[in-house]
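**Student:** Model the following, please.
(one chain, ligands or ions: 1)
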Amino acid sequence: MQPKILIFDLDDTLYPASSGVWEAIGKRIDLFIHQKLGLPLEAVEAFRKNLFHSYGTTLRGLYLQYHIDPAEYLAFVHDIPLENYLQPNPELRTLLKVLPYPKVIFTNADKNHAHRVLARLNLEGCFGQIIDIWDMLPSCKPFPEAFHKMLQRLQCPDTSHCLLIDDLPANLRTARQLGFWTVQVSENGRNREGHFHIRRVEELPRVLAQGSLFDNEVG
Ligand SMILES: [Mg+2]
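**Tutor:** Numbering: from 1, shown residues only. Got it, this is the predicted structure:
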């Protein structure tokens, strides 16, 4: 494996899934649906999960099916006190700064949320570009169209030069089908999909140092 660019997911990849950020965002999504669509709160969770599985993200379902304003949705659901969930990560900052590859963020969230998360983790300036949901709409990860739009932005037509680091199996599956190299960040090691598996993003240098096409078990 000789990656020329590292493409990082944001949420549950640059910080552990157990941080509670996604649960907090999920509660905001439920409240948004309750207020906007008038669904009883007890019915919202099943409705949201159905949208997520049918459309890739809840936003894409709300946008395509209910014509919800994406900007209003994104501002509302990401309005959480990140300082309650995330801590600055100087170890990761040092690690990213010394990795000799261009690094970008590829996220189904928006740039505003990405900048807030990066600021809270003390990772500002570690990534050359943020490719967000506005760059993909009406698509989103895990759909191939979203990956093609990202590749156009990066002006990187050869997916074998790209290493995607992500937590979600569906995203990794699409990336593999398109020819990316993939690293799955998974605290519990379940639902394995990537070429390589690590429990925390800080273990990434071990994958890059290994560089083998066949020895795909790390950690
Ligand atoms: Mg993620």
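**Student:** Low-confidence regions, this protein specifically.
**Tutor:** Low-confidence segments of the chain, defined by pLDDT under 70, span residues 1, 211-219.
**Student:** and residue 163, what are its phi and psi?
**Tutor:** Reported as degrees, to the nearest 10, the phi and psi values for residue 163 are phi -110, psi 120.
**Student:** brain fart, residue 197
**Tutor:** Backbone torsions of residue 197, given as degrees, to the nearest 10, read phi -130, psi 130.
**Student:** is it true that it touches residue 182?
**Tutor:** No: contact criterion C-beta atoms under 8 Å: residue 197 and residue 182 do not qualify, at 9.6 Å. In short, each C-beta sits where N, CA and C put it, glycine included.
**Student:** So the two - more neighbours on which side?
**Tutor:** A direct count of neighbours by other C-beta atoms under 10 Å for residue 197 and residue 182 places residue 182 higher, at 23 against 20.
**Student:** Torsion angles phi and psi at that one?
**Tutor:** phi -140, psi 140.
**Student:** Give the closest residue to it in space, chain neighbours not counted.
**Tutor:** The spatially closest residue to residue 182, leaving aside those adjacent along the chain, is residue 194, at 3.9 Å (C-beta to C-beta, 6 or more residues apart in numbering).
**Student:** near the ion, which residues of the protein?
**Tutor:** Counting by C-beta under 5 Å from the ion, the residues of the chain close to the ion are 9, 11-13, 167.
**Student:** How about the contacts made by residue 84?
**Tutor:** 20, 24 (C-beta atoms under 8 Å, 6 or more residues apart in numbering).
**Student:** rewinding a little: residues near the residue nearest to residue 182, how many?
**Tutor:** 26.
**Student:** hang on, it is in a helix, isn't it?
**Tutor:** No: using DSSP: H, G, I helix; E, B strand; the rest coil, the assignment for residue 194 is coil, not a helix.
**Student:** For the residues of the chain next to the ion, please prepare a markdown table with the additional fields neighbour count, secondary structure and distance to residue 156.
**Tutor:** Below are the residues of the chain next to the ion laid out as a markdown table (neighbours: other C-beta atoms under 10 Å; DSSP: H, G, I helix; E, B strand; the rest coil; distance: C-beta to C-beta, whole Å):
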| residue | neighbour count | secondary structure | distance to residue 156 |
| --- | --- | --- | --- |
| 9 | 22 | coil | 17 |
| 11 | 20 | coil | 23 |
| 12 | 18 | coil | 24 |
| 13 | 24 | coil | 20 |
| 167 | 23 | coil | 22 |
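**Student:** and residue 200, what does it touch?
**Tutor:** 16, 185, 187.
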